[in-house]
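Chemist: Provided below for reference: sequence and predicted model.
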Amino acid sequence: MTIERMEIRPGYSISRILKGGWHLSAGHNIDVDRAMAIDDMARFVEAGVTSFDCADHYTGVEEMIGNFRRAYPELAAKIQIHTKYVPDWDALPGLTPADTVRIIDRSVQRLGVDALDVVQFFWWNAEAPGAVETALVLADLRRQGKIKHIGTTNFSTAQLAGLLEAGVPIALNQLQYSLVDNRPERQQLDLCRRHDIAVVTYGHLLGGFISSDWIGQPEPFSFANRSQRKYKLIIEDFGGWELFQELLCALKAIGDRIGVGPGEVALRWTLDRPGIAGCIVGATSTRNLARNAKVFDIALNDADRATLSAICARRTGPAGDCYELEADRTGRHGSIMRHNQNEMTARA
């Protein structure tokens, strides 16, 4: 099995499947076996999944990757680490450049690197001033050599355009994007193409809902974790459980023909979209590693894409721009978000 790669800047390439770190976070899964998680990282790199996604507020994950680097130095030399800088909502009004430098230095220390490969920046409150100024601090740190590339995540198209107009050198943008959530297609993918910004996506499997296990199942109203709760709202906006079941059955039929499951079909669909450099796949183990890698051995034909398009054409949402629903703290989506996760991490 060969994992495809894509060069997003001269001399810097990523595996087109990225290993997500959120599922290893204590904020998502308190039962993670850290020693096994570190050994699993080695298996991912050996398979060709060399790009890891993490964040300052994914409790314990930067430290785990740092421990992996020390335990497997030869494999560590092959990896790319994309972390995030996400200041808490409550911290935004008083955030200083020194705060930004301190957090970046903390990530450098946790990961045990000389410089961060990619820092993906997010600013929770579009009404709070300081996002552009903070991004320019990151640009200064890039010039100093502490950061190799600047990324963004979950900004609206207008916010992202504002950063670009200010001269922030954005190499990569992380978006929620799937068959069910097409919000990036309305504006932001085009903006990224025009500015040569690589796009990495998450949410393709809807927290595990895109699986044969959910075919024919009654609509759920209780959830195993916060990710399922989040993506169930996206399914409701898409058109509800009945339309989602039609999509699942179509994905399964396509998968049965080419020898994979519905999730691999959905992942291949996303990888095939114009401008998509890679897809983040959350994993707490290597259980699905071979299945995920199989997406590079399959291809969707025109009939497959037409079948999926016909179902998705009946969608009713989700509405608006990228992350617009999640940014509304009073709405169904935004009210379940944790806006002060670094504060939670500090208490952990």
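Modeler: In hand now; what should we look at? Residues are numbered from 1 along each chain as shown.

Chemist: CA atoms for contacts and neighbours, from now on please.
Modeler: Noted.

Chemist: what bits of the stretch 101-250 of the chain have low per-residue confidence?
Modeler: Applying pLDDT under 70 to the stretch 101-250 of the chain picks out no residues at all.

Chemist: That one: helices as residue ranges?
Modeler: 131-144, 157-165, 188-194, 226-238, 241-258 (DSSP state H, counting those that start in this stretch).

Chemist: Put together TSV for these, with distance to residue 117 and mean neighbour count on each row.
Modeler: Putting the helices of the stretch 101-250 of the chain into TSV (distance: least, Cα to Cα, whole Å; neighbours: other Cα atoms under 10 Å) gives the following:
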stretch	distance to residue 117	mean neighbour count
helix 131-144	10	19
helix 157-165	20	16
helix 188-194	20	17
helix 226-238	27	19
helix 241-258	35	18
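
Chemist: Which among those helices is found nearest to residue 12?
Modeler: For residue 12, the closest of the helices of the stretch 101-250 of the chain is helix 131-144, at 14.9 Å, according to Cα to Cα.

Chemist: Give me the angle between the closest one and helix 157-165.
Modeler: Per axes from the mean of the first three to the mean of the last three Cα atoms, to 10 degrees, the angle that helix 131-144 makes with helix 157-165 is 40 degrees.

Chemist: Which neighbouring elements make contact with helix 131-144?
Modeler: helix 97-111, strand 147-153, helix 157-165 (3 or more Cα pairs under 8 Å, 6 or more residues apart in numbering; DSSP states H and E).

Chemist: contacting residues around that helix?
Modeler: Contact with helix 131-144 is made by 97, 100-101, 121, 123, 147-150, 162-163, 166, 168-169, as judged by Cα atoms under 8 Å, 6 or more residues apart in numbering.

Chemist: Can I get that helix as PDB, trimmed to CA atoms?
Modeler: Taking Å, rounded to 0.1, in the frame of the first residue of the first chain, the C-alpha atoms of helix 131-144 are listed here in PDB:
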ATOM      1  CA  ALA A 131      -7.000  38.500  15.200                       C
ATOM      2  CA  VAL A 132      -4.900  40.100  12.400                       C
ATOM      3  CA  GLU A 133      -2.300  41.500  14.900                       C
ATOM      4  CA  THR A 134      -1.900  38.000  16.500                       C
ATOM      5  CA  ALA A 135      -1.500  36.400  13.100                       C
ATOM      6  CA  LEU A 136       1.200  38.900  12.300                       C
ATOM      7  CA  VAL A 137       3.000  37.900  15.500                       C
ATOM      8  CA  LEU A 138       3.000  34.400  14.100                       C
ATOM      9  CA  ALA A 139       4.400  35.800  10.900                       C
ATOM     10  CA  ASP A 140       7.200  37.400  12.900                       C
ATOM     11  CA  LEU A 141       7.900  34.000  14.600                       C
ATOM     12  CA  ARG A 142       8.100  32.400  11.200                       C
ATOM     13  CA  ARG A 143      10.700  35.000  10.100                       C
ATOM     14  CA  GLN A 144      12.600  34.200  13.300                       C
END
